[in-house]
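Undergrad: What follows is a predicted structure for the sequence shown.
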Amino acid sequence: GIKKIDYKTFNNCESLRSISIPRTVREISYNAMVCGLREIIFNASMTTWEPENEFTNASFEVDRKGNGNGVSRIIFKKNTYNAAEIFRFKSIRAYLIANGLCTNCGGKFGMFGKCKECGQKKSY
């Protein structure tokens, strides 16, 4: 039933490489998972996170250079996304909408606005 992963929850946990975020989590606070993460599995597209700014660290570090420092993969419903590409959108849902994909599963819509993978009707 957790709704938020708060400030410094997993900080300095360098052995944590992968984490699965439950559907109930709606927000990941800034500086919450600055640790050894390499991949994050989201079970809901609505979960939001904070990018870095001049005052604080981001919710999690992103591997922008491909050198293994930070999250390189974000996984949602069996789809793997490049973390550096999706991170600036602040949620999987925003990324999917921007790319015209289904917010329920990440699939593509057919001619009549129905997802080819899950059958969900386009809602945006």
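TA: Done, it's in.
Undergrad: from here on, contacts and neighbour counts on C-alpha atoms
TA: Fine.
Undergrad: how about Glu85, secondary structure?
TA: Using DSSP: H, G, I helix; E, B strand; the rest coil as the criterion, the local structure at Glu85 reads helix.
Undergrad: residues near it, how many?
TA: 14 (other C-alpha atoms under 10 Å).
Undergrad: what about the helix ranked longest in the chain, distance to the chain center?
TA: Assignment by DSSP state H gives helix 92-98 as the longest helix of the chain. Remark: helix 92-98 is offset 10 Å from the chain centroid, using C-alpha atoms, centre = their mean, to the nearest Å.
Undergrad: What is the neighbour count of Ile2?
TA: Neighbours of Ile2 (other C-alpha under 10 Å): 11.
Undergrad: wait, what's in contact with it?
TA: Thr24, Val25 (C-alpha atoms under 8 Å, 6 or more residues apart in numbering).
Undergrad: Look at it and give its secondary structure.
TA: Applying three-state DSSP: Ile2 is coil.
Undergrad: can you tell me how far it sits from Met33?
TA: 15 Å (C-alpha to C-alpha, to the nearest Å).
Undergrad: coming back round to it: show me what counts as buried in the longest helix of the chain.
TA: Ile92, Arg93, Ala94, Tyr95, Leu96 (16 or more other C-alpha atoms under 10 Å).
Undergrad: which SS class is Arg88?
TA: helix.
Undergrad: roughly how far is stretch 11-23 from the heart of the chain?
TA: 13 Å.
Undergrad: no, scratch that, I was asking about stretch 91-109
TA: 12 Å.
Undergrad: for stretch 103-123, same thing?
TA: 20 Å.
Undergrad: same thing with stretch 109-124?
TA: Stretch 109-124 has its C-alpha centroid displaced from the chain centroid by 22 Å (C-alpha atoms, centre = their mean).
Undergrad: ok, Ala58 to Ser29 distance?
TA: When Ala58 is compared with Ser29 (using C-alpha to C-alpha), they lie 8 Å apart.
Undergrad: Overlap in contacts, the two.
TA: Residues touching both Ala58 and Ser29 (C-alpha under 8 Å, 6+ apart): Trp49, Glu50.
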